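[1] got a sequence here, can you model it:
(one chain, ligands or ions: 1)
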Amino acid sequence: MSTSPLNPPAIEATGIHVTLGNSDILRGVDLTVERGEVVALLGANGSGKSTLVKSLVGIVPLAAGHVRLLGADLGPLVPWAQLGYVPQRVSAQAGVPSTAEEVVASGLLHGRRIRLPRGWRATAREALDRVGLADRAQSAVHELSGGQQQRVLIARALARDPRLLILDEPVAGVDQPSQEAFAATLTELTRDGMTVLVVLHELGALAPLIQRCVVLRHGLVVHDGAPPQVTSAHAGPDHEHLHPHGDDPERSASPGSDMGLTDAPLTRHSPAPARIDRGAAS
Ligand SMILES: Nc1ncnc2c1ncn2[C@@H]1O[C@H](COP(=O)(O)OP(=O)(O)OP(=O)(O)O)[C@@H](O)[C@H]1O
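    Coordinates of the predicted model:
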């Protein structure tokens, strides 16, 4: 969707610098996500992906730079009720026994809303249904598996019916059928115009949805463009990973090195997208 003064980008981040401890974690990141776009944020471990999304939602302070969300400067004027954020995998239990339904319902609270709205139970159940956990609404969260807890957190974000969804590795530790169910839900939501920024280690089940990939390396954007294409040549049912095909066998042996997804020496990126091999024996 194109930008106009009446329809500003969902995310506009310019010159983002973040310092944690004595380290410069983000060193001048620019990121714009237009309304309705589905963007993946990729990069090796420690490249700064989580720090970037946390800085976008105001959880870590900026040393420099500027963030606008849904047309408002980061702060109280952001329409927070329209934003769903799923943090990197953490336990969904908050130290007190809670049911899945209660955790999801907490997603309906924000800034000025301190009481659950009428019909919250039905809303929470619908959100749990979207992530395939309708039958676990009354389960204590600590009794759920790690992957199920992650799905509860996704449901909590979806319960708000967000216009902008920011997800930090939402499918890490989630089994393949649940990943596919989540991808189907997300496809439906994005068809309705939701904007998504999602941190991923590999595109996996979400690959068909991703319109653009931004790759971080050592706190800088090193790629912003087309997602890797799927090679059909080796397509097979039981193999799925990023597997760049370079001339250099060492680079080829290092999954993700083609796009700065590992700490392998950085090479200049050509505009031609890397390929995802889903079938070749690795
Ligand atoms: N609170 C903190 N204090 C100091 N350093 C931190 C803090 N949080 C993160 N870092 C460091 O910032 C760097 C980036 O971390 P971040 O979690 O953003 O990376 P990431 O790309 O999300 O990694 P992963 O894929 O492993 O989740 C890492 O080197 C990490 O050790």
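[2] can you classify P177 by secondary structure?
    helix (DSSP: H, G, I helix; E, B strand; the rest coil).
[3] give me the residues contacting stretch 49-66.
    11-20, 24-26, 28-29, 31, 41-43, 67, 69, 73-75, 83, 85, 88, 166, 168, 197, 199, 216, 219 (C-beta atoms under 8 Å, 6 or more residues apart in numbering). Where C-beta positions appear, they are placed from N, C-alpha and C, glycine not excepted.
[4] in it, what counts as buried?
    Buried residues in stretch 49-66, defined by neighbour count with 16 or more other C-beta atoms under 10 Å: K49, S50, T51, L52, V53, K54, S55, L56, V57, V60, L62, G65.
[5] and the helix or strand harbouring the second one, how far out from the chain middle?
    It refers to S50. According to DSSP states H and E, S50 maps onto helix 49-56. Relative to the centre of its chain, helix 49-56 is centred 10 Å away, using C-alpha atoms, centre = their mean, to the nearest Å.
[6] any idea of the mean pLDDT for it?
    Mean pLDDT, computed over helix 49-56, is 96.
[7] quick one, phi/psi of the residue minimising distance to the centre of the chain?
    Geometric centre of the chain, nearest residue: V198, 1.8 Å, by C-alpha atoms, centre = their mean. Here is the backbone geometry of V198 (degrees, to the nearest 10): phi -130, psi 120.
[8] do the same with L128
    phi -70, psi -40.
[9] make CSV out of the buried residues of stretch 49-66 and add distance to the ligand.
    CSV is the format used below for the buried residues of stretch 49-66 (distance: C-beta to the nearest ligand atom, whole Å):
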residue, distance to the ligand
K49, 4
S50, 3
T51, 3
L52, 7
V53, 8
K54, 7
S55, 9
L56, 12
V57, 13
V60, 8
L62, 14
G65, 15
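[10] kindly reformat these as a markdown table containing distance to A159.
    Listed next are those as a markdown table, based on distance: C-beta to C-beta, whole Å:
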| residue | distance to A159 |
| --- | --- |
| K49 | 25 |
| S50 | 23 |
| T51 | 26 |
| L52 | 25 |
| V53 | 20 |
| K54 | 21 |
| S55 | 24 |
| L56 | 21 |
| V57 | 17 |
| V60 | 25 |
| L62 | 29 |
| G65 | 31 |
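[11] so G28: helix, strand or coil?
    strand.
[12] in the chain, where is pLDDT below threshold?
    Applying pLDDT under 70 to the chain picks out residues 1-6, 89-97, 110-114, 228-282.
[13] please enumerate the helices of the protein.
    49-56, 100-106, 120-130, 146-158, 176-191, 249-252 (DSSP state H).
[14] what packs against the second one?
    Looking back up the chat, that one is helix 100-106. Packing contacts for helix 100-106, counted by 3 or more C-beta pairs under 8 Å, 6 or more residues apart in numbering; DSSP states H and E, involve helix 120-130, helix 146-158.
[15] perfect, I'm done here.
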